Structures are given as structure tokens and as C-alpha cells.
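Student: I would like the atomic coordinates for the input below:
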Amino acid sequence: MGRGLQIAIGLTNAIIKTGIKVVGHHHDFYWERDYFDHPNYDFVKELLEEYCPPKEIENMKHVVINKLAQNDLLEKKGLNSDVVPNVFDFDAPLWVEDDYNKTYRNDMGLKDNQVVFLQATRVTNRKAIELAIDLIALLNKEEFKQKLIGKQLYNGKAFNKDTELVLAMVGMHEGGEGYEEKIIQYAKENDVNLIVKPELIAHARHLEDGKKVYSLWDAYVHCDMITYPSIYEGWGNQFLEGLFAKKPQIVFEYSVFESDIISYDFDYISLGNEYKVGDKSLAKISDIVLRKAANETIEYLTNKDKYSACVSKNFKIAKKELSLDSLERVIIPIVDGVKR
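Tutor: Got it, this is the predicted structure:
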């Protein structure tokens, strides 16, 4: 119901007065954010309770983006809701190399002998990018590097002693407590080549001072694997994008992933579902889970058939279950069911 109490109050009053049929699509309830859940004044708490979202309006139905939020809304407000997951247009043209993005690797400073792991999320604490760094650091160790040297990669390239694993971090920097600086330093300490060039990525392709700026979709085209180590997400936009991009993904199984996504039976490399906060307030997972993920990563990189089968299966499932067509199937009964 908006991002301010005055908006929530105004919308509620308008809905009641007009009797218009309304579907409230809720994302990030106030009780999910410490900043909003601990107001300084009791009257603010009362307004949040009454209007965010409002209770008992017959001509209003509620939808949420995950099952955990659905349970919370029922428990805290006594309101039933439907789950409408995040979706993507799986009928859109696939992202491919073209005349514009063929210069992406050069502009990013990427070399032909580099295997690129893409971190496409915003750079903020809950994305736990340190877990991706831990994985690549482990893959760089002699024990694991020897499993790659001399092998042919999924794309036909040879992995030799000069081949390098790199992590490209292209999202906007929004972390608190100096998170970006911590990540950059952490990568240096662990001898991981971290490429940080968010200025080359924007919402859409354009020229800036005569130089190319690329879309996020271009970054997906020119990576080999996607890292998705987030420890908290409302659903998971980057996971959807990775499915569409047809690239294998390395995923931490955050709570909503477990409640809403895992049942689709996608293929991915798991970073487990448990973490601890270690030095410098950075997330850590167990060595056993990390080593298993490293071995699976090597298998995907060096097995063309497995790589292809994984991404094809994932795309097929997502097109059926998480496309605009599937959204229509979910939304129409909800809208038709609103009373007036």
C-alpha cells in the first residue's frame, strides 16, 4: 500500500469510497524491515497495523510473491492471499552475441583465457558475494585446478595452466558498512580476480561520451556461469534471468528458494542452505558444502552434454511455470474473484 503512510491511508479511503475492485500486490511488508517495524510513536504503529495493508475490505483481494509472506499475512493480519511469483518473458528473443556486444569482453578487460563467473545482482550485504569468492578461491587451489588443466571446456576451449577463473561484479553498489570495499579486499586476500565495472552496465544499451554502455543482458551473454549466493531474497529475479540466459547457476538456497522455487526441480549447483557470519561480518558456509560445489562446477565446465542438458531443462521448466503465460493463468482467476 505505497511507500508512505499518507499514501496507504489515501488509497484505503479511495478504495472504500469508490467500491472499485482492487488487487493489492504486496512486496516487503513493514514487519520484514527493522526500519519500519520499530516506529518511535505508538500512533505510527497503529496506522501501520490498520492500513498496511488494510483489513476486511470486501472489494479487495491480496496477492504476495512467496509462500512465507502468504503465511505471515494470514498470521499477522488474518488476511488470505494468493501467491503470484516473479515471472519473465520466456518468449522474448534470446540474448546472443551481436554487433553491439561483441566488444563487451574487451571493454570489461576480459581475456580469451578467462572463465567468467557473473555476479549480476546489486552489490549489497544480503547478496553474500563473499561465498562466490570462496568458491572461486577454492577452484584456484592446486587440488582443484589440476582437475581442470588439460580438459576441454563445454565451449570447446582448452583449460590450460594459464587459464584463469574470474568473477565479474557488474551491479550497482548499495551495500552498507563498507560492504563493497570489504568484498574487493576479500577477493584480493584470496587471490581471486574480481572485475568491478558497474559503470559499463545500465538498464539499456547506449553511448556515453562516445563509449558503449551495455545492458545487463549483454553481461549474461559473455559469461560461463552465474553465481547467485544471496542469503535473502523476496523471490529471485536474477535466478529467473539466469534461466532465460541458459547458463548454469551456483545458488545458496535461501528461505524463499526453499519454500517456492526448489519444488520446480531446476538443475543448479548448491551452496547449501546454512551459513554463519564470520570475520568482517561476512557469510561462511561449511567446507564440505563448498568442496562439493567446486567439484560440481568443474563437472559442468568440462562436460558439454551436462552443461547443455542442464540449461535446456531449466529453460523448459521456467517457460512452462514462470512465464507471462503462466502469470496470466494465475492472475485471471484472482481478478475475477474480487467482489464488488
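Student: Okay, now the unreliable bits of the stretch 201-340 of the chain?
Tutor: 339-340 (pLDDT under 70).
Student: How are the helices of it distributed by residue range?
Tutor: Taking DSSP state H, counting those that start in this stretch, the helices of the stretch 201-340 of the chain run over residues 216-221, 237-245, 255-256, 287-302, 304-321, 324-336.
Student: try the stretch 1-150 of the chain
Tutor: Under DSSP H, counting those that start in this stretch, the stretch 1-150 of the chain gives helices at 5-18, 34-37, 42-51, 67-77, 104-108, 129-140, 142-148.
Student: closest one to residue 267 among the helices of the stretch 201-340 of the chain?
Tutor: Closest to residue 267 of those is helix 304-321 (C-beta to C-beta; 4.2 Å). Just so you know, the C-beta spots here come from the backbone N, C-alpha and C atoms, and that holds for glycine as well.
Student: buried stuff in the closest one?
Tutor: When neighbours are counted by 16 or more other C-beta atoms under 10 Å, the buried residues of helix 304-321 are found to be 306-307, 310-311, 314-315, 318-319, 321.
Student: hmm, who's touching it?
Tutor: With contact meaning C-beta atoms under 8 Å, 6 or more residues apart in numbering, helix 304-321 is reached by 88, 90-91, 154-156, 240, 243-244, 246-248, 264-268, 299-301, 326.
Student: cool, stretch 146-165 as well?
Tutor: Contacts for stretch 146-165 (C-beta under 8 Å, 6+ apart): 111, 113-115, 117, 136, 139-140, 192-193, 224, 295, 298, 300-304, 307-308.
Student: do the same with stretch 167-185
Tutor: Stretch 167-185 has contacts (C-beta under 8 Å, 6+ apart) with 108, 110, 116-125, 129-130, 132-133, 136, 187, 192-198, 200-201, 216, 219, 223, 227, 280-282.
Student: go on, stretch 33-49?
Tutor: 5, 8-9, 30-31.
Student: Show me which of the residues you listed are buried.
Tutor: Here, 16+ other C-beta under 10 Å leaves 5, 8-9, 30-31 buried among these.
Student: So which residue is dead centre in the protein?
Tutor: Nearest to the geometric centre of the chain sits residue 238, at 3.3 Å (C-alpha atoms, centre = their mean).
Student: There's contact between residue 280 and residue 186 in this structure, I believe.
Tutor: Yes - between residue 280 and residue 186 there is a contact at 7.3 Å, judged by C-beta atoms under 8 Å.
Student: Have a look at the two and say which one is more surrounded.
Tutor: Under the criterion of other C-beta atoms under 10 Å, the comparison of residue 280 against residue 186 puts residue 186 first, with 19 against 13.
Student: In the helix or strand hosting that one, which residues are buried?
Tutor: Using DSSP states H and E, residue 186 sits in helix 179-189. Within helix 179-189, the residues that qualify as buried are 179-180, 182-184, 186-187, counting by 16+ other C-beta under 10 Å.
Student: Residue 234: which of those residues is nearest?
Tutor: Among the buried residues of helix 179-189, residue 179 lies closest to residue 234 (C-beta to C-beta), at 19.1 Å.
Student: Make a markdown table from the helices of the stretch 1-150 of the chain and add mean pLDDT to it.
Tutor: Converted to a markdown table, the helices of the stretch 1-150 of the chain look like this (pLDDT from 0 to 100):
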| stretch | mean pLDDT |
| --- | --- |
| helix 5-18 | 92 |
| helix 34-37 | 72 |
| helix 42-51 | 90 |
| helix 67-77 | 95 |
| helix 104-108 | 97 |
| helix 129-140 | 98 |
| helix 142-148 | 96 |
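Student: okay, the ones you listed, which one's buried deepest?
Tutor: Greatest average neighbour count among the helices of the stretch 1-150 of the chain goes to helix 129-140 (a mean of 24), per mean count of other C-beta atoms under 10 Å.
Student: And the contacts of it?
Tutor: If you take C-beta under 8 Å, 6+ apart as the criterion, helix 129-140 is touched by 117, 119, 121, 123, 144-145, 148, 165-167, 169, 182-183, 186-187, 190-192, 194, 227, 229, 250, 252, 271, 275, 282-285, 290-291, 293-294, 297-298.
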